[in-house]
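1. Sequence and predicted structure below; questions after.
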Amino acid sequence: MTVATSEKIPPAWGTIIYMGIIHFIALFALIPSNFNWNALGIAFVLYVLTAGVGITLGFHRLVSHRSFTVPKSLEYFLVFCGTLAGQGGPLDWIGLHRIHHQYSDKQQDPHNSLKGFYWSHLGWMLCKNPANEYITRYSKDIS
């Protein structure tokens, strides 16, 4: 009989505290005196600019995969928008994404979906992920 062992990964307290604080502060928007439709509209525009344009277009398609080319000034703007999303800097994000593509759904995948829904969507960010050691190797072309 074999015994399954799972490696206990230590928590990333800096990330946990940061995520807790920004979500706690966001709850203040639910207080009726703080709610404002204009602010909600601005939040939506900023979401599209940071997550949609910055992360999806800038970090992911442009810099991680080099799917297309743009003038350097536009590339810098798209990467800047990605940094505003609060998902870490471009070197870390792009390095981890490239590791993910090389090892999709294998043990070395930083957010392996075979470890479950929670791990693949949130848990991997809240731990000191072993893949972090290899980021520089996967992001040499942009560092």
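-> The structure has been received and is ready for your questions.

2. gap between residue 67 and residue 60?
-> 9 Å (CB to CB, to the nearest Å). Every residue, glycine included, has its C-beta placed from N, CA and C.

3. Contact partners for the residue positioned nearest the centre of the chain?
-> The centre of the chain sits closest to residue 87, judged by CA atoms, centre = their mean, with a distance of 3.9 Å. Neighbouring residues of residue 87 by CB atoms under 8 Å, 6 or more residues apart in numbering: 55, 59, 93.

4. change it to 10 Å
-> 50-51, 54-55, 59, 93, 96, 125 (CB atoms under 10 Å, 6 or more residues apart in numbering).

5. for the residues you listed, which one is nearest residue 8?
-> residue 125 (16.8 Å; CB to CB).

6. since we're on the closest one, how many residues are nearby?
-> By other CB atoms under 10 Å, 17 other residues sit near residue 125.

7. Quickly note the distance from it to residue 18.
-> 10 Å.

8. Helix or strand next in line after the helix or strand hosting residue 42, which one?
-> Secondary structure assignment for residue 42, by DSSP states H and E: helix 37-47. Counting by DSSP H and E, the next helix or strand C-terminal to helix 37-47 is helix 72-83.
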